[in-house]
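S.K.: Prediction below, plus the sequence it came from.
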Amino acid sequence: MTARLERLQGALRNAGLDALVLNPGPSLSYLTGLHFPLTERPVVLLLAAQSAPVVVLPELELLKLAGLSYEMKAFSYGEDPAGWEAAFRQAIGALGLDGKRIGVEPRALRLLEYRFLQSAAPQADYPDASGVVSQLRGRKEPGEIAAMGKAVAAAQQALRATLPLIKVGMTELEVASELTVQLLRSGSQPELPFAPIVSAGPNSANPHASPGPRPLQKGDLLVVDWGATVDDYISDLTRTFAVGEVDPEFKKIHRLVLEANTAGRAAARPGVPCATVDQAARSVIESAGYGAYFTHRTGHGIGLEAHEDPYLRGDNLELMQPGMAFTVEPGIYLPGRNGVRIEDNLIVTELGADCLSDMERDLAMVG
């Protein structure tokens with residue numbers, strides 16, 4: 001944690017920022033090792049470029065600070081909301097941040113905390129500091145990579161245990177429920193990276209479908225998008241199966257998506273723009289005449305969150321660097337009919353990219 005905080009302070013200075021403010025969430029946990037719930041009681045971490053961290057938090061959370069290996073100053077408050085503003089003013093005053101540049105994560109900072117900050121530092125500027133944080137979190141350390149490997153292994157074990165239980169007539173929701181149980185049995189933390197997506201037949205043509213009451217039917221393609229969480233790090237995988245015998249065109253689009261997945265994985269290496277991976281996968285599908293049915297980017301970063309930098313899309317020229325973790329997940333979605341997606345998790349190495357996931361990708365039959 002100390003090394004991460006020191007790197008952050010250097011990054012803030014390079015970005016011309018005096019401090020960074022964080023809500024409870026992945027970035028706060030990454031930089032401090034602390035976990036706070038995001039509730040009606042405001043919590044913020046203030047990380048100044050020249051000072052030790054400062055946290056505003058309710059009194060009931062103070063014990064979490066016991067035994068920290070680095071210095072942190074706390075300003076706590078009780079249950080009476082009338083005293084909350086004073087804690088924010090004390091924290092801002094201790095760091096002398098009024099009139100300064102306090103970076104924020106716009107996707108994470110709530111209006112609740114932002115208004116307290118504005119009241120305590122009305123002359124401060126609050127620029128977007130997402131890039132500063134993502135640069136720190138983007139290149140995974142060996143321990144982070146090991147945790148993601150465990151999350152992949154747990155996810156694959158869970159789906160392998162679920163597949164023999166899938167039968168024609170089961171609903172998508174029943175399959176998703178069984179998979180959730182198996183994820184916990186396989187070692188995932190209860191807080192999954194996302195609720196498993198289990199979609200069949202026409203529903204599988206919706207990339208982010210929610211499992212519903214539709215029973216599995218012969219001739220369906222079954223898309224399963226799932227992941228596990230181990231040591232706070234996640235996996236995010238997708239496989240597609242055939243429920244009984246399926247139409248030849250559905251076999252064809254599965255083959256194309258598998259070829260696109262293979263091409264995308266092969267294109268990933270250090271120094272290559274993220275767009276190159278997207279183009280490698282997308283060109284396979286476009287060349288076969290199905291480009292209009294591949295409706296999303298090829299992949300996204302993973303780590304403490306299921307979606308984080310870098311994003312593998314056609315306009316992203318960010319260069320891949322060793323330690324980056326990401327998905328490759330091309331798909332073809334035929335509206336009202338069936339869909340296919342195949343997703344793997346990779347880590348950029350010094351020479352190429354290692355695939356953490358190795359579960360079979362062929363069109364296996366279930367039910």
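M.R.: Great, that's in hand.
S.K.: which residue sits farthest out from the middle of the chain?
M.R.: Using C-alpha atoms, centre = their mean, the residue of the chain lying farthest from its centre is residue 82. It sits 36.1 Å away.
S.K.: how about the strands of the stretch 251-367 of the chain, start to end?
M.R.: Ranges of strands in the stretch 251-367 of the chain, per DSSP state E, counting those that start in this stretch, are 299-301, 308-312, 325-328, 331-334, 338-341, 344-348, 353-355, 365-366.
S.K.: Looking at these, which is nearest to residue 212?
M.R.: Closest of the strands of the stretch 251-367 of the chain to residue 212 is strand 338-341, at 14.9 Å (criterion: C-beta to C-beta). Where C-beta positions appear, they are placed from N, C-alpha and C, glycine not excepted.
S.K.: bridging residues for residue 312?
M.R.: Judged by DSSP bridges, the bridge partners of residue 312 are residue 299.
S.K.: Contact partners for it?
M.R.: Contacts here follow C-beta atoms under 8 Å, 6 or more residues apart in numbering; on that basis residue 312 touches 264, 274, 275, 277, 278, 297, 298, 299, 300, 326, 327, 328.
S.K.: Out of those residues, which two sit at the greatest distance?
M.R.: Longest span within the contacts of residue 312, C-beta to C-beta: 275 and 327, 15.4 Å.
S.K.: So residue 51 is in contact with residue 95, correct?
M.R.: Yes. Using C-beta atoms under 8 Å as the test, residue 51 is close enough to residue 95 to be in contact (5.7 Å).
S.K.: Let's check: the centremost residue of this protein is which one?
M.R.: In the chain, the centroid-proximal residue (C-alpha atoms, centre = their mean) is residue 306; its distance is 1.7 Å.
S.K.: can you tell me which residues contact that one?
M.R.: Taking C-beta under 8 Å, 6+ apart, one finds 193, 194, 227, 234, 236 in contact with residue 306.
S.K.: State the distance from it to residue 228.
M.R.: Note on residue 306: its distance to residue 228, by C-beta to C-beta, to the nearest Å, is 11 Å.
S.K.: got any residues that touch both of these two?
M.R.: Looking at what touches both residue 306 and residue 228 (by C-beta under 8 Å, 6+ apart), the common residues are 193, 234.
S.K.: In stretch 165-175, which residues are buried?
M.R.: Residues of stretch 165-175 classed as buried by neighbour count (16 or more other C-beta atoms under 10 Å): 166, 170, 171, 172, 174, 175.
S.K.: how long is it from one end to the other?
M.R.: 8 Å (C-alpha to C-alpha, to the nearest Å).
S.K.: With stretch 105-115 instead?
M.R.: Using C-alpha to C-alpha, the distance between the terminal residues of stretch 105-115 is 15 Å.
S.K.: Report the distance from that stretch to the chain centre.
M.R.: 19 Å (C-alpha atoms, centre = their mean, to the nearest Å).
S.K.: sorry, back to before: hmm, which of the contacts of residue 306 are the buried ones?
M.R.: Here, 16+ other C-beta under 10 Å leaves 193, 227, 234, 236 buried among the contacts of residue 306.
S.K.: residue contacts, the second one?
M.R.: Under the criterion of C-beta under 8 Å, 6+ apart, the neighbours of residue 227 are 151, 155, 192, 193, 194, 196, 234, 235, 236, 237, 306.
S.K.: hmm, which two among those are most spread apart?
M.R.: The span of these, defined through C-beta to C-beta, is set by 151 and 196 at 13.9 Å.
S.K.: what about the two, which has more around it?
M.R.: Shown here are residue 151 and residue 196; by other C-beta atoms under 10 Å, residue 151 has more neighbours (30 against 24).
S.K.: Could you check which helix or strand contains that one?
M.R.: Per DSSP states H and E, residue 151 falls inside helix 142-162.
S.K.: picking that back up, so for residue 51 and residue 95, which residue has more residues nearby?
M.R.: residue 95 (22 against 17).
S.K.: Just give the nearest non-adjacent residue to the more buried one, would you?
M.R.: residue 48 (4.8 Å; C-beta to C-beta, 6 or more residues apart in numbering).
S.K.: just to revisit the earlier point, out of the strands of the stretch 251-367 of the chain, nearest to residue 112?
M.R.: Nearest to residue 112, of the strands of the stretch 251-367 of the chain and by C-beta to C-beta, is strand 308-312 at 23.4 Å.
S.K.: For the closest one, the averaged confidence score.
M.R.: Regarding strand 308-312, the rounded mean pLDDT is 96.
S.K.: again with stretch 225-245
M.R.: 98.
S.K.: Could the C-alpha coordinates of it be exported in CSV?
M.R.: C-alpha atoms of stretch 225-245 as CSV (Å, rounded to 0.1, in the frame of the first residue of the first chain):
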residue,chain,number,x,y,z
ASP,A,225,-21.4,-15.2,-19.4
TRP,A,226,-20.2,-15.6,-15.9
GLY,A,227,-17.3,-14.8,-13.5
ALA,A,228,-15.9,-15.4,-10.0
THR,A,229,-14.2,-13.1,-7.4
VAL,A,230,-11.1,-14.2,-5.5
ASP,A,231,-9.1,-12.0,-3.2
ASP,A,232,-11.3,-9.1,-4.6
TYR,A,233,-10.1,-9.7,-8.2
ILE,A,234,-12.5,-11.0,-10.9
SER,A,235,-12.8,-13.2,-13.9
ASP,A,236,-15.2,-12.6,-16.8
LEU,A,237,-15.8,-15.5,-19.2
THR,A,238,-18.3,-16.5,-21.9
ARG,A,239,-19.0,-19.8,-23.6
THR,A,240,-21.8,-20.7,-26.0
PHE,A,241,-23.5,-24.2,-26.2
ALA,A,242,-26.0,-26.0,-28.4
VAL,A,243,-29.2,-27.3,-26.8
GLY,A,244,-29.6,-30.4,-28.9
GLU,A,245,-29.0,-30.2,-32.6
